[in-house]
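In: Sequence plus predicted model, see below.
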Amino acid sequence: MTIPLMILAVLSAIGGVIGLPEFLGTKNWIGSYLDNVIVMKSYLGLSHETEWMLMGIAVVAALASIYFAYQLFVVNSVLPVSDEKELKWWQKIIYHKFYVDEFYDAVIRKPVDFMGKVCYKFFDKIVLDGLVDGTGSTVLQLGNWIRKIHVGNIAYYIIAMTLGIIALFILMK
């Protein structure tokens, strides 16, 4: 897993370099590369001031998060609670990952599992197995019936062949 992640990191860095905004004094190669593909060009670019402001807000938010985590866990030595019952209501929501897994279980996984079980019990066990088992039992029954017809008596075979030829002549009229 490490090698694919390293490859993705290098490609991400290259993608970031070739997509640098033009206000940094570089050419945005991705934008010009896609010019001949985009049919309806409506450039909704931001002003350079807005881009600087958004980048500044993102950097300040990241630094504030790092500082908050440092103060909480390193300076104040806050440890997570050992029992879930001691958590506050908002901490329980975060602890349970905003209940996304539970929602996914209830809305997607359980109905799909139910449909899979129904299809397995009905389609696989009854329909497909019925076809396979029915084919096998039909072949066995035909074999038993044909075995009774074939008794090894050549005269019987000649009579059966003659009756078959007569039946074909009658049916051909």
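Out: Perfect, thanks for sending it.

In: Other residues contacting the helix or strand bottoming out on mean pLDDT in the chain?
Out: None of the helices or strands of the chain scores lower by mean pLDDT, DSSP states H and E than helix 29-33, at a mean of 72. Contact with helix 29-33 is made by 15, 18-19, as judged by Cβ atoms under 8 Å, 6 or more residues apart in numbering. Every residue, glycine included, has its C-beta placed from N, CA and C.

In: Name the nearest of the residues you listed relative to residue 73.
Out: The closest of the contacts of helix 29-33 to residue 73 turns out to be residue 15 (Cβ to Cβ; 32.8 Å).

In: Tell me the secondary structure of the closest one, please.
Out: helix (DSSP: H, G, I helix; E, B strand; the rest coil).

In: And residue 84, how close does it get to residue 104?
Out: 20 Å (Cβ to Cβ, to the nearest Å).

In: next one: residue 25
Out: For residue 25, the distance to residue 104 - Cβ to Cβ - is 46 Å.

In: which one of those two has more residues nearby?
Out: Neighbours per residue, other Cβ atoms under 10 Å: of residue 25 and residue 104, the larger number sits with residue 104, 11 against 7.

In: Can you report phi and psi for that one?
Out: Taking degrees, to the nearest 10, you get phi -60, psi -40 for the backbone angles of residue 104.

In: Can you pull the poorly scored residue ranges out of this protein?
Out: 23, 31, 40-45 (pLDDT under 70).

In: hey, which helix is longest across it?
Out: Looking across the chain with DSSP state H, the single longest helix is helix 48-70.

In: Quick check: what element follows that helix along the chain?
Out: Per DSSP states H and E, helix 48-70 leads on to helix 89-95 as the next helix or strand towards the C-terminus.

In: pull the CA atoms of that following helix into CSV?
Out: Taking C-alpha atoms only, helix 89-95 is exported to CSV below (Å, rounded to 0.1, in the frame of the first residue of the first chain):
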residue,chain,number,x,y,z
TRP,A,89,-24.0,14.5,23.7
TRP,A,90,-22.0,16.3,21.0
GLN,A,91,-19.0,14.2,21.8
LYS,A,92,-21.1,11.0,21.3
ILE,A,93,-22.1,12.3,17.9
ILE,A,94,-18.5,12.8,16.9
TYR,A,95,-17.4,9.5,18.5
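
In: Give me the contact list for that helix.
Out: With Cβ under 8 Å, 6+ apart, helix 89-95 has contacts from 84, 87, 99.

In: Could you point out which of the residues you listed is nearest to residue 140?
Out: Using Cβ to Cβ, the contacts of helix 89-95 come closest to residue 140 at residue 99, 56.1 Å.
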